[in-house]
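**Student:** based on what follows, work out the 3D shape:
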Amino acid sequence: ALHVEPLWIHPDHRSPGVGRALLGQLQIVVEGTGEPAAYCAIDDENLALVQPAATRLGFVQAPGSLYYVVLWPAPEPVGG
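**Tutor:** Numbers count the residues shown, from 1 in each chain. From the prediction side, this is the model:
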């Protein structure tokens with residue numbers, strides 16, 4: 001499945017028109033990949049804001065809870 005990150009719009013540029021245009025373009029890109037499924041993770045603190053847009057794109061809440069495991073440590077940042 002394709003992992004889709006939620007979109008973040010700078011507060012100075014938030015409007016229904018901007019959001020709709022970005023979501024429309026996102027949908028075109030996602031559908032153009034040919035993947036049979038896509039998923040996104042929405043933080044609880046952003047659920048009220050992001051969930052309506054995700055629903056409009058056809059996303060539904062999956063049952064259960066998301067779990068993950070880190071299989072190898074991330075590399076150290078350059079210059080870190």
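**Student:** check which residues of the helix of greatest length in the chain are buried.
**Tutor:** Taking DSSP state H as the criterion, the chain has its longest helix at helix 16-32. Buried residues in helix 16-32, defined by neighbour count with 16 or more other C-beta atoms under 10 Å: Leu26, Val30. Bear in mind the C-beta positions are built from the backbone N, C-alpha and C, glycine included.
**Student:** for it, what is the average pLDDT?
**Tutor:** Helix 16-32 comes out with an average pLDDT of 83.
**Student:** and the next helix or strand past it?
**Tutor:** Using DSSP states H and E, the helix or strand that follows helix 16-32 towards the C-terminus is strand 38-39.
**Student:** report the distance from that following strand to the chain centre.
**Tutor:** On the basis of C-alpha atoms, centre = their mean, to the nearest Å, strand 38-39 sits 8 Å off its chain's mean C-alpha point.
**Student:** for stretch 59-77, same thing?
**Tutor:** Counting by C-alpha atoms, centre = their mean, stretch 59-77 comes out at 13 Å from the chain centroid.
**Student:** OK, contacts around Leu2?
**Tutor:** Going by C-beta atoms under 8 Å, 6 or more residues apart in numbering, Leu2 touches Val30, Thr33, Glu35, Ala37, Ala38, Tyr39.
**Student:** recalculate using a threshold of 6 Å.
**Tutor:** For Leu2, the contact set (C-beta atoms under 6 Å, 6 or more residues apart in numbering) comprises Thr33, Glu35, Ala38.
**Student:** can you tell me how far Phe59 is from Val30?
**Tutor:** 10 Å (C-beta to C-beta, to the nearest Å).
**Student:** that older thread, neighbour count and distance to Trp8 added to the contacts of Leu2, as CSV?
**Tutor:** Shown next, in CSV, are the contacts of Leu2 (neighbours: other C-beta atoms under 10 Å; distance: C-beta to C-beta, whole Å):
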residue, neighbour count, distance to Trp8
Thr33, 10, 21
Glu35, 12, 22
Ala38, 17, 18
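**Student:** quick check: phi and psi at Leu2.
**Tutor:** phi -80, psi 130 (degrees, to the nearest 10).
**Student:** repeat that for Ser65.
**Tutor:** According to degrees, to the nearest 10, Ser65 has phi -120, psi 150.
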